[in-house]
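>>> Sequence below, structure please.
(2 chains)
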Amino acid sequence: MTLTDKLRTAGQKIRTADEKRASFIQGARGRWHDLPKAWRIAAALAGVVVLFALPNLYIPGIPFRTDEVDGGNSFGFVLSTIAIYVLVAIGLNVVIGMAGLLDLGYIGFYAVGAYSVALFGSPQSIVATKFPWLICVPIAIALAMVSGVILGTPTLRLRGDYLAIVTLGFGEIVRLIAVNAEFTNGTSGLGGMPTPPGTWPAGTELEGTKLFSVNDSRPFYWLTLVLIFAVIFGVKQLERSRVGRSWLALREDEDAASLMGVATFQFKLWAFAIGAGIGGLSGAMFASRNGHFGSNSITLLLSIMFVAAVVLGGQGNILGVTVGTVLAFYLPERFRSFADKRDLIFGLALILIMVLRPQGLLPSRRRARELADRRQEAKEATIVG
Amino acid sequence: MLLEIEDLNVHYGRIQALHGISLTVDEGEIVALIGANGAGKSTTMRAISGLRRASAGRILFGGDDITRMRADRRVVAGISQAPEGRGIFPGMTVLENLTMGAYTRKDKAAVAADQQRVFELFPRLAERRKQPGGTLSGGEQQMLAIGRALMSRPKLMLLDEPSMGLAPMLIRQIFDIILEIREQGTTILLVEQNAQQALSRADRAYVLETGAITRSGSGSDLLVDPAVRDAYLGVA
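Below you'll find the predicted structure:
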């Protein structure tokens, strides 16, 4: 048996195993829906409680906390970062997963959100308005949405790969502005970010001090969780509305959508604006959590990691992209001992998953069907051609 | 006149695909556009439905100039297209595809009734109503594309290659249904490579050659036209 044959049988075995697992997940989905409603609510509530308790949770024998390993970051800090990135992924999922627009420059909107908080809230900024957090965040969302419309208006007439290239350029433009412009203060960045209001309640260790500060990231994690639930709720509503149906038609077949009467350009612009707004919100959360934001925080790698997380998890499915993001950003933090081999391992894992499961770990059922259809089309095209 | 095209030019970049074609479709007619591969048939259809911009000339629909109108507005105006290659939404079920066809309509009850009507025209679709569009056979996808195009209650329906890739039996069936749709009050402009079927079923037809109309007339006249017979009907 030659090596290629061996590889082929090995690949086949993995694929069969994968199909078995997929049908198990499918079955789990069915069993979940068969449970009585009260049980489902109770289980969901328990899940939410665990999520909120997570930063204070220790399980002897299972070292899942990142501060249980050598040189690991504070678990609250890691959790809040992951939560913020999950928010990014949910926003990016609106653009990529729901409307089918491959946006590789999403980090640009994230940066716009972060710099909005810095500009209008930081005492070091040249604007020096020193607005409180509650005013900065809506500004951040609004400016990110506006930049989404500004980027989208000339570029959304492009399709597929062309759009990906242009948006990649947008991300780089924002980064270069951040590095070079005066108002961003380059790599040194801006500090003294405003934080959400509130003090630690009586009876807690830090009683009376500011609830949101760089000393303890847990409150940011909790607040971001609340925001995640709110955004998921909003996005779900959109998905079920006429807007969601238009996006669905648009991503499945743009010409056909147009022939059904979908104002394709307008709905693409909406997807861009809404996605950008969520990106701006996450950027704002990130800047105020760190207390500081500089151009170092915007990297091409991070931008690509966001897309990778969405695709890895399963575009179109909110649970999928959440799982993808958590894996993509938690595992490297937890397994720091692999140090510089982390990226290599992550890259290999990514390639393996994309070869064996191109629809992602937990895809939306519809999305999986579309991809299968596209593969079929490609196969037919090669037979004919 | 329901549709009037005057001196229409369409370019793909620098390549001119249509060289000043003019044609008309009257209310209640079935008009066929025949021609070889690459003659510009599909381009003409795309220009009428608004997927392709005209570089010169005019398109009038019901007397209104729609040359610069966006494709989605033309659906509201009453033009509907079953595109070449069918353009089914692969991840949506048959029923969802039909619902998408009624996207511009608000009258839910009437939409449901029209879905029933489509299922009566195409019983095969009724059997497969919960099945994703991408899993249908070629013939079923063609039926779905036609059914979906009906759902917007168009005044004018554009059918691009309705017989493409279908078995001869099915081709006759599809053309029977096209006649039935016309009986129910929809005007039809169709593009066909199967000139025999198209000419024998259409009221009038135009022959398109390398982006220009070279012949026109009633279907029965063109069927016996020696030049047409030589070029398109495969009889010497």
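
>>> In three-state terms, label A:Ile96 for me.
Under DSSP: H, G, I helix; E, B strand; the rest coil, the three-state class of A:Ile96 is helix.

>>> Now do the contacts for it.
A:Leu102, A:Asp103, A:Val307, A:Val310, A:Val311, A:Gln315 (C-beta atoms under 8 Å, 6 or more residues apart in numbering or on different chains). Heads up, the C-betas are built off the backbone N, CA and C, glycines and all.

>>> before we move on, what about A:Pro196?
With C-beta under 8 Å, 6+ apart as the criterion, the residues that contact A:Pro196 are A:Trp133, A:Leu134, A:Leu211, A:Phe212, A:Pro219, A:Leu223, A:Ser288.

>>> Let me know the helix or strand that A:Pro123 is in.
Using DSSP states H and E, A:Pro123 sits in no helix or strand.

>>> For the closest residue to it other than its chain neighbours, grab phi and psi.
Excluding the flanking residues, the one nearest A:Pro123 by C-beta to C-beta, 6 or more residues apart in numbering or on different chains is A:Gly192, at 4.9 Å. Per-residue torsions, A:Gly192: phi 70, psi 40 (degrees, to the nearest 10).

>>> how far away is A:Gly192 from A:Ser217?
Counting by C-beta to C-beta, to the nearest Å, the gap from A:Gly192 to A:Ser217 is 17 Å.

>>> out of the two, which sits in the busier spot?
Taking neighbours as other C-beta atoms under 10 Å in any protein chain shown, A:Gly192 and A:Ser217 compare with A:Ser217 leading, 24 against 14.

>>> show me what contacts that one?
Contacts of A:Ser217 by C-beta under 8 Å, 6+ apart are A:Ser74, A:Gly76, A:Phe77, A:Leu79, A:Ser80, A:Arg289.

>>> same deal with A:Ile345?
Contact analysis of A:Ile345 by C-beta under 8 Å, 6+ apart lists A:Phe338.

>>> what's the burial count for residue 151?
Since no chain was named, I'll use chain A. A:Leu151 has 25 neighbouring residues, counting by other C-beta under 10 Å.

>>> other chain: chain B
23.

>>> what about the residue positioned nearest the centre of chain B, which SS state?
For chain B, B:Leu159 is the residue whose C-alpha lies nearest the centre (C-alpha atoms, centre = their mean; 1.5 Å). Taken by three-state DSSP, the conformation at B:Leu159 corresponds to strand.

>>> Report pLDDT for residue 35.
No chain was given, so I picked chain A. Per-residue confidence (pLDDT) for A:Leu35: 81.

>>> wrong one, I was asking about chain B
Taking B:Gly35 on its own, its pLDDT is 90.

>>> quick one: contacts for it?
B:Lys41, B:Val207, B:Leu208, B:Glu209, B:Tyr232.

>>> can you tell me which two in those are farthest apart?
Based on C-beta to C-beta, the longest span within those runs between B:Lys41 and B:Tyr232 and measures 12.0 Å.

>>> before we move on, the earlier item: which ChimeraX command selects the buried ones in the contacts of A:Ser217?
In ChimeraX, a selection of the buried entries from the contacts of A:Ser217 looks like this (16 or more other C-beta atoms under 10 Å in any protein chain shown):
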select /A:76,77,79,80,289
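
>>> mind putting the contacts of A:Ser217 in JSON lines, secondary structure included?
Listed next are those as JSON lines, based on three-state DSSP:
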{"residue": "A:Ser74", "secondary structure": "coil"}
{"residue": "A:Gly76", "secondary structure": "helix"}
{"residue": "A:Phe77", "secondary structure": "helix"}
{"residue": "A:Leu79", "secondary structure": "helix"}
{"residue": "A:Ser80", "secondary structure": "helix"}
{"residue": "A:Arg289", "secondary structure": "helix"}
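
>>> Does the residue nearest to the spatial centre of chain A lie in a helix or a strand, and which?
With distances taken as C-alpha atoms, centre = their mean, the residue of chain A nearest its centroid is A:Ala89 (1.3 Å). Assigned by DSSP H and E, A:Ala89 belongs to helix A:75-93.

>>> would you list every one of the strands in chain B?
With DSSP state E as the criterion, chain B has strands at B:3-12, B:15-25, B:30-35, B:56-61, B:64-65, B:79-82, B:156-160, B:187-192, B:204-209, B:212-218.

>>> what sits up against the fifth one?
The set of residues external to strand B:64-65 that reach it, using C-beta under 8 Å, 6+ apart, is B:Arg58, B:Ile59, B:Ala77.
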